[in-house]
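Asks: Mind folding the following:
(one chain, ligands or ions: 1)
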Amino acid sequence: MSKKKIIIINGPNLNLLGRREPEIYGHQTFEQYFEVLKDKYANTVDLEYFQSNHEGALIDKIHEVGFSYEGIVLNAGAFTHSSIAIADAIAAVKTPAVEVHISNVYAREEFRHHSFLSKNSIGIIIGFGLRGYDFAIQTYL
Ligand code: DQA
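Replies: Numbers count the residues shown, from 1 in each chain. All right, here's what the predicted structure looks like:
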């Protein structure tokens, strides 16, 4: 059986995981956690990772993978709360997106309570730390 192609796309400031506000986002870097995920799903998933701090680069990547991959696991960071363009991008492509947030955004500032992406996502995983990415991958299996 061929492996499913799934990409994790992280938005702005998520390159600083492990160093960024560890009381909220934990002490692990995403690169470390990505290795754990790759090992765990080595037999079933062809897993890729992309991170950018730039809205346009995130949109370009969604377009690039969005007609051939099985899944997009998307943590758009703060663009979640501001970007109609990223919301349009996930609506425009065929590949379904799962929206992930490491922290429980509903327990935080009010401006984090609204997501432009949720309506165009197949599901949302919020507040389970980095394990949320693992849960999101499982939704495609
Ligand atoms: C985040 C939550 C966003 O509000 C914030 O801007 C982030 C990370 C999360 O994973 O909890 O950058 O998406």
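Asks: how far is the lowest-mean-pLDDT helix or strand in the chain from where the chain is centred?
Replies: Taking mean pLDDT, DSSP states H and E as the measure, helix 22-25 is the helix or strand of the chain with the lowest mean score, a mean of 93. A distance of 17 Å separates the C-alpha centroid of helix 22-25 from that of its chain, computed with CA atoms, centre = their mean, to the nearest Å.
Asks: Could you tell me which residues of this protein lie near the ligand?
Replies: Asn13, Asn75, Gly77, Ala78, Thr80, His101, Ile102, Ser103, Val105, Arg112 (CB under 6 Å from any ligand atom). (C-beta placed from N, C-alpha, C; glycine too.)
Asks: Off-centre distance for stretch 84-98?
Replies: That offset, for stretch 84-98, works out to 12 Å (CA atoms, centre = their mean).
Asks: for stretch 38-52, same thing?
Replies: Using CA atoms, centre = their mean, the offset of stretch 38-52 from its chain centre is 12 Å.
Asks: and what of stretch 67-78?
Replies: Centre to centre, stretch against its chain (CA atoms, centre = their mean), the figure for stretch 67-78 is 6 Å.
Asks: List the buried residues in that stretch.
Replies: For stretch 67-78, burial by neighbour count (16 or more other CB atoms under 10 Å) applies to Tyr69, Glu70, Gly71, Ile72, Val73, Leu74, Asn75, Ala76, Gly77.
Asks: Burial check on Val105, number of neighbours?
Replies: 19 (other CB atoms under 10 Å).
Asks: Leaving out chain neighbours, which residue sits closest to it?
Replies: Computed as CB to CB, 6 or more residues apart in numbering, the closest residue to Val105 that is not its neighbour in sequence is Arg112, at 4.1 Å.
Asks: Which residues lie in contact with that neighbour in this structure?
Replies: Thr80, His81, Val105, Tyr106 (CB atoms under 8 Å, 6 or more residues apart in numbering).
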